[in-house]
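[1] model the structure of this input:
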Amino acid sequence: MATGDERLDLLIDLTEAYREDDPAKAIAFGNEALELLAATPDEDREPSLLNAFGAAHLRLRDYETGLRYAEQAEQLARIAGNKPALARALRLIGVISRLTDEPQRGLKAITEAIDLYEELGDTVEQANVSLYAGAAAHGGGDTQQALAFCLRAYRLFEEAGDLRGVATALNNIGNFYGSLGQNDEALDFYNRSLEIRQQLGDKEGVGRVLHNMGVVYGGAGDPAQALEFHLRALKIREQIGVPRSIARTLHAIGSDYRELGELEQATAYVQRSIGTWEEIGNKQGLAAALTSMGELHRQVGSYEAAREALERALALKTEAGLPPSSALRELVEVYGALGLSREMLEAFRQYDAITKESYDVENSRTIAEMQARFEAGQKEKRIEILRQQQALQALELESQRGTRRALVGGFGLVLLILFLVFNRFRLKAREA
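    Residues are numbered from 1 along each chain as shown. Alright, predicted model coming up:
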C-alpha cells in the first residue's frame, strides 16, 4: 500500500500528465492532492502542484482561476527558494497575462523566468520562454522587441540542437515581419521553417506555416496566391483533424474568394467555418466568421440574412468581451439599407462611442493644425508673395530666351498682367 508521500507524488504526477489532454481529470487528481497537502503541508511539492493546477485551468480557458493558482505557486516558490517551480509559475503568469490583455505584466514575469532558466542552465526552457516573451512584447505593441526575443530563442534552439524549436522560432519571426508589412522577410523565414517542418514530418507545423504564408500573400494584395497556400494548408489540417485549425483556414479561404470576387465560393467556405466554430464552441472564431458572413450577404443585397448574421456576431462579441466595432460598422449599413432608422442610429451611436478615443485624437490634431495655420497667417502671406516673385522671375528669364518679336511681346504682356496682380495682392496684404 502506498504511503502518504507516495500517494501525493502519484497524484501530482497524474495532475501534470493530464493537464493538457484532459484538464478536467487533471483537476480532479489535483484536488485530491490538495487535500493531502492540507493535512501535511510540503513547501517543495505544493508549488509544483499549483503550477499544474494553473496550467489545467489555462487549458480550460479559466484564466482567472489559473492565474490565482500560478500566483500562489510563485509566492510559495519564492519563500522556499525553489527556482524551477518559481520559473514555471512566472512563465504561467506571463502566458495568462498576455491572454487577458495584460502584456506588460506578462512580459515582466516571462523576462524574469528567462533569467531563472538561464541561471538553471536549462537552454531549451530558456528558448521556449523567450518565444512567449516575443508574443507578450508583440501584444504590447513592441514588434522590434518581439523579434529580438524570437531571434534569441532561435539561437538557443540551434545551440540545443532542437530542430522543432528552431522551426517554431523561424515561424514566429515570420509572423512578426509580416505584421510589420515586410513581406519578403516574412516569407523567407516561413520558407526556412517549412523546410525543417517537412524534414521532421511535422504535418501540423507544415499546415501552420502554409496558412501563415497565405495570410502574408493576402495582406500583400495577392488573393490568388493566398488561396493557393490556404487550400494546401486546409488539405493537411483536415488530414490531422484539429477543428480549430480547420475553422481558421476555412475562414481564410472564404476571405480569399471574396477578394477574388467569387462570392458564392466565399460564402460556402465561411459557412463551413461557422459550422466548425459552433461545433467546438469557440465564440471568438464564430463571431469573426459571422461578421464575414454578414458582410458577404450585404454585398449581394441579402440584407435580412446579413442582419441575422451580424446581430449574432454582435451578441457573441459582447458576451465574450471582444471588440464589436466591425460588426457594428456593418450593421449601420445593413440597417440603413433596410430602412431601420432607429436601429441604424443606435448602431452608429455604439460604434461612435467605441471609436471616440481615436476620433478625439484625430480631431485634436486637426484643431492644433488649424490653430497653427491661423497663427502663421502672416507668414503664409509672405511666403505666397515670394512664390509670386519667383514665378515672375522665371517668366522673365524665359522671355529673354525668346527670339521672335511676337513671342517676346506675348511674354511681356503676361508679365505685365502678373505684375499688376502681384501689386494688387501686395496692397491687400498690407491693408490686412
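[2] C-alpha from now on. contacts and neighbour counts both.
    Will do.
[3] now find how far off-centre stretch 319-339 is within its chain.
    In terms of CA atoms, centre = their mean, to the nearest Å, the centre of stretch 319-339 is set 21 Å apart from its chain centre.
[4] typo on my end, it should be stretch 142-149
    14 Å.
[5] next: stretch 173-192.
    Taking CA atoms, centre = their mean, the mean C-alpha location of stretch 173-192 is offset from the chain mean by 14 Å.
[6] following the helix or strand hosting residue 132, which helix or strand comes up?
    Assessed by DSSP states H and E, residue 132 sits inside helix 123-139. The first helix or strand that comes after helix 123-139 along the chain, using DSSP H and E, is helix 143-160.
[7] that next one vs helix 123-139, what angle?
    Helix 143-160 and helix 123-139 meet at an angle of 170 degrees, taking axes from the mean of the first three to the mean of the last three CA atoms, to 10 degrees as the criterion.
[8] pull the residues that contact helix 143-160.
    Here helix 143-160 makes contact (CA atoms under 8 Å, 6 or more residues apart in numbering) with 123-124, 126-128, 130-131, 133-138, 163, 165-166, 169-170, 172-173, 176, 180.
[9] mind redoing it with 6 Å?
    The contact list for helix 143-160, computed with CA atoms under 6 Å, 6 or more residues apart in numbering, reads 127, 130, 131, 134, 137, 138, 165, 166, 169.
[10] quick one: list the elements packing against the helix or strand following it.
    Counting by DSSP H and E, the element after helix 143-160 in chain order, helix or strand, is helix 163-179. If contacts are counted by 3 or more CA pairs under 6 Å, 6 or more residues apart in numbering; DSSP states H and E, helix 163-179 sits against helix 143-160, helix 183-200.
[11] mean pLDDT and distance to residue 307 added to those helices, as TSV?
    Formatted as TSV, the helices and strands packed on helix 163-179 follow (pLDDT from 0 to 100; distance: least, CA to CA, whole Å):
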stretch	mean pLDDT	distance to residue 307
helix 143-160	93	37
helix 183-200	97	36
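[12] out of the ones you listed, nearest to residue 21?
    Taking CA to CA, helix 183-200 is the member of the helices and strands packed on helix 163-179 nearest to residue 21, at 23.0 Å.
[13] any chance you could give me the closest one in CSV, C-alpha atoms only?
    This file holds the C-alpha atoms of helix 183-200, laid out as CSV (Å, rounded to 0.1, in the frame of the first residue of the first chain):
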residue,chain,number,x,y,z
ASN,A,183,6.5,40.5,-46.6
ASP,A,184,9.7,39.3,-48.3
GLU,A,185,11.4,38.9,-45.0
ALA,A,186,8.4,37.1,-43.6
LEU,A,187,8.2,34.7,-46.5
ASP,A,188,11.9,34.0,-46.2
PHE,A,189,11.6,32.9,-42.6
TYR,A,190,8.4,30.9,-43.3
ASN,A,191,10.2,29.0,-46.1
ARG,A,192,13.0,28.2,-43.8
SER,A,193,10.6,27.0,-41.1
LEU,A,194,8.6,25.0,-43.7
GLU,A,195,11.7,23.2,-44.9
ILE,A,196,12.5,22.0,-41.4
ARG,A,197,8.9,21.0,-40.7
GLN,A,198,8.9,18.9,-43.8
GLN,A,199,12.2,17.2,-42.9
LEU,A,200,10.7,16.4,-39.5
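[14] what's the angle between the following helix or strand past that helix and helix 163-179?
    Going down the chain from helix 183-200, the next helix or strand is helix 203-219, by DSSP H and E. Angle, helix 203-219 to helix 163-179, by the same axes, to 10 degrees: 10 degrees.
[15] show me which positions of helix 203-219 end up buried.
    Buried positions in helix 203-219, judged by neighbour count with 16 or more other CA atoms under 10 Å: 203-218.
[16] how about the helix or strand containing residue 284: buried residues?
    Assigned by DSSP H and E, residue 284 belongs to helix 283-299. Neighbour counts over helix 283-299 (16+ other CA under 10 Å) mark 283-298 as buried.
[17] CA atoms only: put the next helix or strand after it into PDB for me.
    For helix 283-299, the following helix or strand on the C-terminal side (DSSP H and E) is helix 303-320. Extracted C-alpha coordinates of helix 303-320, given in PDB (Å, rounded to 0.1, in the frame of the first residue of the first chain):
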ATOM      1  CA  TYR A 303     -29.900  42.400 -46.100                       C
ATOM      2  CA  GLU A 304     -32.100  40.300 -43.800                       C
ATOM      3  CA  ALA A 305     -29.600  37.500 -43.900                       C
ATOM      4  CA  ALA A 306     -26.800  40.000 -43.200                       C
ATOM      5  CA  ARG A 307     -28.700  41.400 -40.300                       C
ATOM      6  CA  GLU A 308     -29.200  38.000 -38.700                       C
ATOM      7  CA  ALA A 309     -25.600  37.000 -39.000                       C
ATOM      8  CA  LEU A 310     -24.300  40.400 -37.800                       C
ATOM      9  CA  GLU A 311     -26.700  40.600 -34.800                       C
ATOM     10  CA  ARG A 312     -25.500  37.100 -33.700                       C
ATOM     11  CA  ALA A 313     -21.900  38.200 -34.100                       C
ATOM     12  CA  LEU A 314     -22.500  41.300 -32.100                       C
ATOM     13  CA  ALA A 315     -24.200  39.300 -29.300                       C
ATOM     14  CA  LEU A 316     -21.300  36.900 -29.100                       C
ATOM     15  CA  LYS A 317     -18.700  39.600 -29.100                       C
ATOM     16  CA  THR A 318     -20.500  41.400 -26.300                       C
ATOM     17  CA  GLU A 319     -20.800  38.200 -24.300                       C
ATOM     18  CA  ALA A 320     -17.200  37.300 -24.700                       C
END
